[in-house]
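[1] Here you go, sequence then predicted model.
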Amino acid sequence: MASATSCTLFARTRSTPLLLGTGPASTSVSSSRQTKPLSLSMRGVRVTAADTSSTTTDAAINPSIKKEESKVVDTVLVSDLQKPLQAYCRCWRSGTFPLCDGTHAKHNKATGDNVGPLLLKK
């Protein structure tokens with residue numbers, strides 16, 4: 001007769017991965033907010049899921065732009081573009097926000113990120 005194998009399961013919530021359980025085949029969900037029963041019945045099966053905690057962050061993205069506003073929204077009509085190709089900031093660090101000034105290159109080098117501008121064509 002085969003014995004039950006322990007397993008680790010993860011579920012993704014809106015902002016954070018949640019450890020569902022580690023242990024034998026029958027276990028319960030554990031989180032800081034709630035506990036729900038999770039029932040698994042496996043014999044001779046090992047379940048492994050990727051830990052996504054390193055790809056999730058609760059840090060603010062915008063360090064300084066229009067912080068007095070509840071939400072930053074800029075509207076541009078394509079017909080009003082000054083150039084046939086206009087770059088808009090997506091890294092939140094441009095000194096000419098909402099236009100891109102190339103600051104993302106410094107940000108990318110410092111953090112290993114890969115953000116670049118949004119290009120609008122007239």
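    On my side now, so go ahead.
[2] Which elements pack onto the helix or strand harbouring residue 119?
    Using DSSP states H and E, residue 119 sits within strand 118-121. Counting contacts by 3 or more C-beta pairs under 8 Å, 6 or more residues apart in numbering; DSSP states H and E, strand 118-121 is packed against strand 85-88. In this view, the C-beta of every residue, glycine as well, is placed from N, C-alpha and C.
[3] Give me the residues contacting the helix or strand following the strand it packs on.
    Using DSSP H and E, the helix or strand that directly follows strand 85-88 along the chain is helix 104-111. Surrounding helix 104-111, the residues in contact under the criterion C-beta atoms under 8 Å, 6 or more residues apart in numbering are 89, 90, 91, 93, 94, 113, 114, 115, 116, 117.
[4] Let me see the domain layout of the protein.
    Using automatic domain parsing, the domain ranges for the chain come out as 7-55, 59-122.
[5] quick one: which of these has the weakest pLDDT on average?
    Mean pLDDT per stretch puts domain 7-55 lowest among these, at a mean of 49.
[6] Need the max-distance pair from the contacts of helix 104-111.
    The largest separation in the contacts of helix 104-111, counting by C-beta to C-beta, is between 94 and 114 at 16.5 Å.
[7] Neighbour count: those two, which is higher?
    Higher neighbour count among residue 94 and residue 114: residue 94, with 20 against 7, using other C-beta atoms under 10 Å.
[8] What distance do you get for the more buried one to residue 79?
    Plainly put, residue 94 is 23 Å away from residue 79 if you go by C-beta to C-beta, to the nearest Å.
[9] hang on, the earlier thing: which positions within the strand holding residue 119 qualify as buried?
    In terms of neighbour count (16 or more other C-beta atoms under 10 Å), strand 118-121 has no buried residues at all.
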